[in-house]
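[1] here you go, sequence then predicted model.
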Amino acid sequence: MKAPSIITCCLVALPVLLKAAEEANRVSIVRAAREQIGQTLRYDPTYQALAYPNGDVPIDVGVCSDVVVRALRSSLGMDLQKLVHEDMKRDFSRYPRNWGLKGPDKNIDHRRVPNLQTYFKRMGYDVLISKKPEDFQAGDLVTCIVLPNLPHILIVSGRTNAVGRPLVVHNIGAGVREEDRLFEFKMTGHYRITKVKQDISPNAPPQRP
C-alpha cells in the first residue's frame with residue numbers, strides 16, 4: 001500500500017486550515033469590536049479631516065461605521081479608509097451619489113454605511129439576508145435601517161441571548177455597546193469577511209496573533 005503523497009496530504013489539510021483561519025478571523029473581529037466598549041462613549045457624526053491612510057477620529061467618539069473600521073483594521077489589518085478610497089477612485093460611478101460629491105473624499109467615504117455596503121458587495125463578501133439566528137456567525141457585518149431612514153451597521157457577537165439569538169456590537173447613539181438588537185431593524189445587507197486581503201501601510205498598528 002502506497003503512502004499518501006505530500007501533495008495529497010496538503011490538499012486534504014487545506015480546507016481544514018482555511019476553516020481554522022476563518023474561525024480565528026471571526027474571533028479576532030469580535031474581540032476588536034468589544035475592546036471599543038468603554039472607550040467609544042459618544043455618537044458623533046461630525047465631519048473631520050483625517051490622516052491617510054489609517055486615519056481615525058478620537059477613540060471616545062464615532063459613528064456606527066467607525067466600530068467596523070476600527071475592528072477590521074485592528075483585527076485583520078484591513079484599512080477600510082484606504083480600501084474604499086482606492087476602489088472609489090477606480091470606479092466612482094458604482095458608488096452611491098447620496099451626498100452630491102463629484103469625486104471620492106478620503107475623510108468620510110469609509111464612514112458612510114452605503115459606501116461600505118457597496119465595497120463589501122464588490123469584494124464578494126455579501127451573503128444571504130436571513131431571519132434565522134443560525135445563519136449568522138460571529139464577526140459577520142449586518143446593515144439595516146433605523147427609523148425613519150438612518151443607515152446603520154453592526155457586528156455580530158459570538159454571544160447569544162437566552163433563546164440563541166446572537167448579540168451585536170455597535171454604536172447606535174450612546175457609544176459602543178453589546179446588545180440584543182440583531183432583528184430589531186429592517187436588514188439591508190449581510191456580509192462575511194472570508195477572503196482577507198492584507199493592506200497595511202508601514203504606519204499601521206501591529207496585528208494581534
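    Yes, it's here. Worth saying up front: this structure is predicted, and the values here are computed from it rather than measured.
[2] now the strands for this protein?
    Under the criterion DSSP state E, the chain contains strands at 141-146, 150-160, 166-171, 176-179, 186-191.
[3] which outside residues touch the last one?
    Outside of strand 186-191, the residues that reach it under the criterion CB atoms under 8 Å, 6 or more residues apart in numbering are 117, 120-121, 125-130, 135-136, 140-145, 151. Glycine gets a C-beta too; all of them are placed from N, C-alpha and C.
[4] ok, of the residues you listed, which come out buried?
    Those of the contacts of strand 186-191 that meet the buried threshold are Gln117, Phe120, Tyr125, Asp126, Val127, Phe136, Asp140, Leu141, Val142, Thr143, Cys144, Pro151, by 16 or more other CB atoms under 10 Å.
[5] gap between the third one and Arg165?
    Applying CB to CB, to the nearest Å, one obtains 23 Å for the distance of Tyr125 from Arg165.
[6] check the fifth one too.
    Noted for Val127: a distance of 18 Å to Arg165, by CB to CB.
[7] quick one: contacts for Tyr119?
    Per CB under 8 Å, 6+ apart, neighbours of Tyr119: Leu80, Leu83, Val84, Asp87.
[8] just the pLDDT for it.
    Predicted confidence (pLDDT) at Tyr119: the value is 98.
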